[in-house]
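Novice: Mind folding the following:
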Amino acid sequence: MSVYLNTISPAKGSKKQSKRVGRGIGSGKGKTCGKGHKGQHARAGGYHKLGFEGGQMPLQRRLPKFGFKSKKALYTTEIRLSELNNVNAEKISIESLREENFISSGIRVIKIILSGEIKKPVIISSEIKVTKNAKQAIINAGGKIESKDGE
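Specialist: Modelled structure (predicted):
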């Protein structure tokens, strides 16, 4: 017996025929189609939205909101004053810090904060921000901070 594509069918009993609703009393699913009488479930499009809890405050509104990730944090970093002792460059700029792997390649804004002591004189580039107390500590150590106008 040869088998053709138009004669292939699934195995007996492997496919169950769906129940046809609303096809008379004798079908067992006539008139109300198994939905009962009236009510929200009997109506077209009449069912609650996702997360609805029957009027009770839903879970997603009961729980507190949390979390915020600043985009500024992705390209900004702080460097402690004590970390400047480990930098080999005499003039500290963003490029020199990047070359010595103190900062990653995406960092564009750097601020030096007063934390620890600086033991050697350094020249800080004008592109790097410095806090007031850190600036005083750098000057006391014999260092210098370049101004924005190229002084």
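Novice: hmm, which helix or strand of this protein has the shakiest average pLDDT?
Specialist: Least confident helix or strand, the chain: helix 72-75 with a mean of 88, by mean pLDDT, DSSP states H and E.
Novice: Now do that helix: everything it contacts.
Specialist: 106, 107, 108, 109 (CB atoms under 8 Å, 6 or more residues apart in numbering). Quick note: C-beta positions are derived from backbone N, CA and C, even for glycine.
Novice: Could you check how far that helix is from the centre of its chain?
Specialist: 13 Å (CA atoms, centre = their mean, to the nearest Å).
Novice: pLDDT below threshold where in this structure?
Specialist: Low-confidence segments of the chain, defined by pLDDT under 70: 1, 149-151.
Novice: those strands in it, which residues are they?
Specialist: Here the chain has its strands, by DSSP state E, at 76-80, 91-92, 109-113, 123-124, 129-130, 144-145.
Novice: if we can go back for a sec, out of the contacts of helix 72-75, which end up buried?
Specialist: residue 107 (16 or more other CB atoms under 10 Å).
Novice: Closest to residue 120 out of the contacts of helix 72-75?
Specialist: residue 107 (23.1 Å; CB to CB).
Novice: returning to what we had before: with the contacts of helix 72-75 in mind, which one is nearest to residue 53?
Specialist: Distances from residue 53 to the contacts of helix 72-75, taken by CB to CB, are shortest for residue 106, at 44.0 Å.
Novice: what's the burial count for the closest residue to that closest one other than its chain neighbours?
Specialist: Leaving aside its sequence neighbours, residue 106 sits nearest to residue 75 (CB to CB, 6 or more residues apart in numbering; 5.6 Å). By the measure other CB atoms under 10 Å, the count of residues near residue 75 is 12.
Novice: gap between residue 74 and residue 104?
Specialist: Residue 74 is 10 Å from residue 104, where distance means CB to CB, to the nearest Å.
Novice: Give me the phi and psi for the residue most central in space within the chain.
Specialist: The chain has residue 69 as the residue nearest its centroid, 7.2 Å off, counting by CA atoms, centre = their mean. Backbone torsions of residue 69, given as degrees, to the nearest 10, read phi -120, psi 110.
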